[in-house]
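A.B. asks: this one's structure only:
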């Protein structure tokens, strides 16, 4: 695999830093345990309590199941039952036993989305790597739904969403759902041993990043019509949408950069050709996000969104953006050995330690205002373990295989 030696003083080889990452992961996990409800996992408030209207949601159930499987694989006691609870939830009330696929939440409503179904596949693959009962059947069903309804061989990408009975398709294509499709496909390739998933991930990356993002200075184009014509003004009247915001989203540039490097490494491990644009575009994505989003409004931190002139639109600082920035820096540092990425890696973690990590109430603040004070205009509470937990795990591992498989082989 193509990697370069790390600098001798890199935090990635510093025992104290690696111990700190491990300790932070151990601090995050207990907070998330309180999210368990009868039908899955639900959102927590800022103090780690279930909200008054708590209901099992597919996004939290899949992400928590994935994270708890990672904890179990590391030998952290007490998380096996939580993985099993997640599997049961995904085979229970959250599953549409009539039409197939999974509901948005336990009210059994909403459209069937590629974004959420990618997380079902990720959770199932992690549970399978952990050897949990019921995971194999769940994984087979997740793959069947992805291949039957979402994957488009003609487009080389995922369709976005459908009505509950699959009869009506949304005339939209999204980068976010396809990005998490790449993440899921990397995990599926590892647990199934089928490199077809890597070829599919490569096709998605080529379309969305090597064609569209690279042509815009490596700013990720998020929104398209069903014919893959870009929609640059999409959600101009709803600019702070948590899943489909207007403009470009620097956090996704970081996330894509990391995933391209994971894909390169996975292809090489499988003995397949890894095109040079994977690392070139990863560099470009990271550079554009740092240049345009860091201190973009004159204050420290990474802004949530930018317009097409690289000017800040939504100036909130979100924890997942910060988590992906540090994970991308670590991936590029491991891939290239270049000190630039070491400097960014340290910079991002220092900012996280000062502003996001909540040592009083636990977990991380999910949102800060432009003055870096805790806020809740986009993401109230602390419902998400996934981004922060992966951020403390990824720097400790090689770029391939994916997280669950890597821990299963240790």
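C.D. replies: Sure thing, it's come through. A quick note: this is a predicted structure, and the numbers were derived from the prediction, not measured. Numbering: from 1, shown residues only.

A.B. asks: for residue 341, give me its contacts.
C.D. replies: 286, 329, 330, 332, 333 (CB atoms under 8 Å, 6 or more residues apart in numbering). Just so you know, the C-beta spots here come from the backbone N, C-alpha and C atoms, and that holds for glycine as well.

A.B. asks: isn't the first one right up against residue 257?
C.D. replies: Which is residue 286. Yes: with contact defined as CB atoms under 8 Å, residue 286 and residue 257 form a contacting pair (4.6 Å).

A.B. asks: mind checking which of the two has more residues around it?
C.D. replies: residue 257 (31 against 27; other CB atoms under 10 Å).

A.B. asks: next, the buried residues of whichever helix or strand residue 181 is part of.
C.D. replies: Per DSSP states H and E: residue 181 is located in helix 175-192. Residues 175-191 are the ones in helix 175-192 that count as buried (16 or more other CB atoms under 10 Å).

A.B. asks: any common contacting residues for residue 286 and residue 257?
C.D. replies: 328, 332.

A.B. asks: show me where the stretch 251-400 of the chain has its strands.
C.D. replies: For the stretch 251-400 of the chain, the strands defined by DSSP state E, counting those that start in this stretch occupy 317-318, 367-368.

A.B. asks: okay, the ones you listed in TSV with mean pLDDT and mean neighbour count next?
C.D. replies: Shown next, in TSV, are the strands of the stretch 251-400 of the chain (pLDDT from 0 to 100; neighbours: other CB atoms under 10 Å):
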stretch	mean pLDDT	mean neighbour count
strand 317-318	98	26
strand 367-368	98	22
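
A.B. asks: now the ones you listed in a markdown table, with distance to residue 404?
C.D. replies: Shown next, in a markdown table, are the strands of the stretch 251-400 of the chain (distance: least, CB to CB, whole Å):
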| stretch | distance to residue 404 |
| --- | --- |
| strand 317-318 | 25 |
| strand 367-368 | 28 |
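
A.B. asks: out of those strands, which comes closest to residue 128?
C.D. replies: Nearest to residue 128 among the strands of the stretch 251-400 of the chain is strand 317-318; the distance by CB to CB comes to 30.6 Å.

A.B. asks: just checking: what are the partner strands of that closest one?
C.D. replies: Paired neighbours of strand 317-318 in the sheet (DSSP bridges): strand 367-368 (antiparallel).

A.B. asks: show me what contacts residue 195?
C.D. replies: Residue 195 touches 189, 270, 272, counting by CB under 8 Å, 6+ apart.

A.B. asks: and of those residues, the nearest to residue 280?
C.D. replies: Closest to residue 280, out of all of the contacts of residue 195 and judged by CB to CB, is residue 272, at 18.0 Å.

A.B. asks: verify the contact between the closest one and residue 198 for me.
C.D. replies: Yes: Residue 272 lies in contact with residue 198 (CB under 8 Å); the separation is 6.5 Å.

A.B. asks: okay, the two: which has more neighbours?
C.D. replies: residue 198 (23 against 12).

A.B. asks: so what does residue 19 have for phi and psi?
C.D. replies: phi -70, psi -40 (degrees, to the nearest 10).

A.B. asks: use 20 as the first number for this chain going forward.
C.D. replies: I'll keep to 20 as the first residue from here, and by that count the last item is residue 38.

A.B. asks: and for it, the neighbour number?
C.D. replies: With other CB under 10 Å as criterion, residue 38 counts 10.

A.B. asks: does residue 21 touch residue 354 like I think?
C.D. replies: Yes: between residue 21 and residue 354 a contact is recorded at 7.3 Å, counting by CB under 8 Å.

A.B. asks: more neighbours, these two?
C.D. replies: residue 354 (25 against 13).

A.B. asks: so the more buried one touches residue 298, yeah?
C.D. replies: Yes: in this structure, residue 354 is within contact of residue 298 by CB under 8 Å, at 6.4 Å.
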